[in-house]
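K.L.:
just need the structure, nothing else, for what follows:
(chains A and B)
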Amino acid sequence: MRAVCLCFQVHQPFRLRWFWPIEGYESDSASLDLYFDQGFNRLVFEEMSEAYIRLNRVIQDRGLKCTFNLSGTLLDQSTWNPELIRSFRKLRGVVEFLSSPYYNSLASLFEEKDEFVRQVRMQRDALSDLLGVRSTVFVNTELIHNSVIARLLRELGFSAVLSEGGFGLGERSSLFDDDALFTLFRHPVLSEDLEFRAHDTTWCEYPLTASKFAGWIAEIAGDVLTLYVDYGCVSDEFLGDLVDELGLRGIDLLTVSEAISEFDPSFYDGALELSRLNLKHCLSNHMQHLYLHELERLSRMGAGGDKIFGYLQQADIFFEMGDGKPYPFDYAVNALSILSDYARRRV
Amino acid sequence: MRSLCFYFQVHQPHRLRWFWPDDRVGFDRYFDSHINEKTFRKVASKCYWPTNRLIMELIDEHRGRFRVSYSITGTFIDQCREWDRDLLDTFSQLGESGSVEFLDETYHHSLASLFPSKDEFVEQIREHNAVMRDEIHYTPKVFRNTELLYNNSIASTIAGLGYKAILTEGTEHVLGTRSANHVYTASGSNLPILFRNYRLSDDIAYRFSSQWWNGYPLTADKWAQWAASAEGEVVNIFMDYETFGEHQWESTGIFEFLRHLPGEVLSRGLEFRTPSEVVEMYSPVGEIDVFDLSTISWADMERDTSAWLGNYMQQRCFEEIKLLEPYVKETGDRELLRIWRSLQTSDHYYYMCTKWLADGDVHSYFSIHTSPFDAAVNFMAVVVDFKLMVFKRLKEVNMGLCREMHASSTLGMTRPCLDGSR
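P.N.:
Numbering: from 1, shown residues only, chains lettered A, B, ... in the order given. Now for the predicted structure:
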């Protein structure tokens, strides 16, 4: 492997509260405090933002070329610690910032795409306002990609998109040219190794050292390998070590845009229906489909537009209803109760 | 003279369909008439028809000495009207025999008695009283609440409506060391109470065909002997009517048991009496005090409200329905009101129960859902949709009102618009 694209999702959701219907009827209007556990969200954010700032310092000190997707909800939460935005602003010029749907939503799956487009524009405008950067590369929530989204992205002026790769790519480059929209495919196994299995003490490769991980990357043939992981999953020590180990093996770090200009794309002839884990974790059971359907109905009713409706669309809400979660059913009943309180006010 | 008081609960709920918001409208948008009809017809042929015939024969045979009582829910009557009117007529005939007493309850077999205000509860009782008069030609005088739910405020509401007595569960939580086999009165309202003798009732309703049970096999002769040797003045045997042929299949011998029961009981010097007769015959021996937070029922081992409101999913679903009351009523839409009331039926909440031990078996037997979790999520899916319907209708009503007011204001009458629209 000649280069690695190291991409980080920097995201904190607004987690739902444990809500009782009576609270909805007793409130004259919908509010963030009514539906979201702002105390807890703030607590998590304050802790995580300090970790992000420490990582940013490593990236700044060493001039590492990485790519970030800052979610809109993270940007919103940054009012709780404005230092975080300042810290990202210092990285401009070296790192790249991606666009994504503002609310980390699944709105790209709605039949009508206006809500999706609205959120993409919102995110792009926020990056421009807060960081002063113009983003030309897009990454969708959970790496969802298909030909309809590709067409929309071209119309919105994006030149490249980051999506989910698979085993089928073999030794071909993970960079493809899809009708004037470059597509960079994430390496799912190594990304999930780093994000999840690295912390699993029962995993046969535990503990995952930077040298072992860089060794795996070096063994893979090709031009560029893309990793896309949650920023909170790596420690500053590991990040520094990984860059050293990659350097020892002659592997460069590149941003997405640099990778696209440096390497020649292949032509991708597979089906363009991609997403992380095939969305099994966020869109496989009845509750998740129902919740998505109700969001779509609300969107069609013209209910949208406000922050609350945006936050109710977070993919994170879908994860908690997933089959492997501890209380998916209680969670779903709670989420539907909140959604219906919001919906009745929008009739 | 000692008495045996039989009361049978006759109920079928309107079960929900596996809900997905689509183009269906009205009651069928939420309720599964296909599965309801299928279940109704199955139970009608296995239980209601053969048992009604047998009871009628026994009444004839014993010339008025075999006496029983029934509580028939409005939702059951709905289903008879739709799918088997003749069955309804056989209940009327039982009433005409003079040996059968019918009781009142809430039309929808609902949990409305647990609402903080008793207004909705009272409306549903009146609705039931009306359908009993219209369809069975009978005016009930004794009350039994859904699943025998009971507390002081339920009792005083029922006393206030002029009922002669109320039925509930003879649980030790309330009776302590006192016997269920007497008439008691409710604290505060002095309403006479009949307590279910759960041991002798469940010997038939639950244990009849249980081979692990040392009473197995149960014969009419053996059971009548137990009943005759019970202390007290009256043994109250309350059970689901579906015990005969449905919970206990015909092959268990339950119909043979019932056929021989009256003869065995009468030959031991016991008399059959209906609830009204019992409270006229016997003076109360004590007072019963059950605070609202200690509400009792006949369900499960706990004999409380935990079968319907034991977990967060149930509590949240119930609260959603409870809180919709003023909005549903403000629409003045009869169909929305009927749907809302049908969503109060206790069965929906029973399906969501997660108490897996011993009782869990019974819950899953009655449920059409694969799990209580599916039942809860499905109910909530209905709530989300129904709530939208209610608030949409409410908006239409208010806008209509505004237009009317606007029109009347041109005639010199000025009243404010409710939602500020013109």
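
K.L.:
can you pull out the strands in chain B?
P.N.:
B:3-10, B:68-72, B:100-103, B:142-144, B:165-169, B:183-186, B:192-196, B:234-240, B:271-272, B:287-288 (DSSP state E).

K.L.:
could you dump those to JSON lines with distance to chain A, mean pLDDT and mean neighbour count?
P.N.:
To be clear about C-beta, it is placed using only N, CA and C from the backbone, and glycine gets the same treatment. Formatted as JSON lines, the strands of chain B follow (distance: least, Cβ to the nearest Cβ, whole Å; pLDDT from 0 to 100; neighbours: other Cβ atoms under 10 Å in any protein chain shown):
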{"stretch": "strand B:3-10", "distance to chain A": "29", "mean pLDDT": "98", "mean neighbour count": "24"}
{"stretch": "strand B:68-72", "distance to chain A": "31", "mean pLDDT": "98", "mean neighbour count": "25"}
{"stretch": "strand B:100-103", "distance to chain A": "33", "mean pLDDT": "98", "mean neighbour count": "24"}
{"stretch": "strand B:142-144", "distance to chain A": "29", "mean pLDDT": "98", "mean neighbour count": "27"}
{"stretch": "strand B:165-169", "distance to chain A": "29", "mean pLDDT": "97", "mean neighbour count": "26"}
{"stretch": "strand B:183-186", "distance to chain A": "30", "mean pLDDT": "98", "mean neighbour count": "23"}
{"stretch": "strand B:192-196", "distance to chain A": "32", "mean pLDDT": "98", "mean neighbour count": "25"}
{"stretch": "strand B:234-240", "distance to chain A": "28", "mean pLDDT": "97", "mean neighbour count": "24"}
{"stretch": "strand B:271-272", "distance to chain A": "46", "mean pLDDT": "98", "mean neighbour count": "20"}
{"stretch": "strand B:287-288", "distance to chain A": "31", "mean pLDDT": "96", "mean neighbour count": "16"}
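
K.L.:
could you save these as CSV and add columns showing distance to residue B:378?
P.N.:
Below are those laid out as CSV (distance: least, Cβ to Cβ, whole Å):
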stretch, distance to residue B:378
strand B:3-10, 25
strand B:68-72, 27
strand B:100-103, 31
strand B:142-144, 29
strand B:165-169, 29
strand B:183-186, 37
strand B:192-196, 32
strand B:234-240, 24
strand B:271-272, 43
strand B:287-288, 38
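
K.L.:
what helices and strands are in contact with the helix or strand where residue A:86 lies?
P.N.:
For residue A:86, the enclosing helix or strand under DSSP states H and E is helix A:83-89. Judged by 3 or more Cβ pairs under 8 Å, 6 or more residues apart in numbering or on different chains; DSSP states H and E, the packing partners of helix A:83-89 are helix A:38-62, helix A:114-131.

K.L.:
now do the next helix-or-strand element following that helix, average pLDDT.
P.N.:
Remark: after helix A:83-89, the chain's next helix or strand is strand A:96-97, criterion DSSP H and E. Averaged across strand A:96-97, the pLDDT comes to 98.

K.L.:
report pLDDT for residue B:179.
P.N.:
96.

K.L.:
relative to chain A, how far out is it?
P.N.:
41 Å (Cβ to the nearest Cβ, to the nearest Å).

K.L.:
same deal with residue B:96?
P.N.:
Taking Cβ to the nearest Cβ, one finds residue B:96 at 47 Å from chain A.

K.L.:
what's the closest non-adjacent residue to that residue?
P.N.:
Distance criterion Cβ to Cβ, 6 or more residues apart in numbering or on different chains; nearest residue to residue B:96, sequence neighbours excluded, is residue B:137 at 7.9 Å.

K.L.:
just give me the neighbour total for the one you found.
P.N.:
If you count neighbours by other Cβ atoms under 10 Å in any protein chain shown, residue B:137 ends up with 12.

K.L.:
do the same with residue A:8
P.N.:
Residue A:8, neighbours per other Cβ under 10 Å, totals 24.

K.L.:
go on, residue A:340?
P.N.:
Using other Cβ under 10 Å, residue A:340 has 23 other residues around it.

K.L.:
and the strand or helix carrying it, average pLDDT?
P.N.:
Per DSSP H and E, residue A:340 falls inside helix A:328-344. Averaged across helix A:328-344, pLDDT comes to 96.

K.L.:
just the C-alpha atoms of that helix, please, in PDB.
P.N.:
The C-alpha trace of helix A:328-344 is given here as PDB (Å, rounded to 0.1, in the frame of the first residue of the first chain):
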ATOM      1  CA  PRO A 328     -34.200  -1.900  22.400                       C
ATOM      2  CA  PHE A 329     -37.900  -2.200  23.000                       C
ATOM      3  CA  ASP A 330     -38.200   0.200  25.900                       C
ATOM      4  CA  TYR A 331     -36.000   2.500  24.000                       C
ATOM      5  CA  ALA A 332     -38.300   2.300  20.900                       C
ATOM      6  CA  VAL A 333     -41.400   2.900  22.900                       C
ATOM      7  CA  ASN A 334     -39.800   5.900  24.500                       C
ATOM      8  CA  ALA A 335     -38.600   7.300  21.200                       C
ATOM      9  CA  LEU A 336     -42.000   6.800  19.500                       C
ATOM     10  CA  SER A 337     -43.600   8.500  22.500                       C
ATOM     11  CA  ILE A 338     -41.300  11.500  22.000                       C
ATOM     12  CA  LEU A 339     -41.900  11.500  18.300                       C
ATOM     13  CA  SER A 340     -45.600  11.500  18.700                       C
ATOM     14  CA  ASP A 341     -45.500  14.400  21.100                       C
ATOM     15  CA  TYR A 342     -43.500  16.400  18.600                       C
ATOM     16  CA  ALA A 343     -45.800  15.300  15.800                       C
ATOM     17  CA  ARG A 344     -49.100  16.300  17.400                       C
END
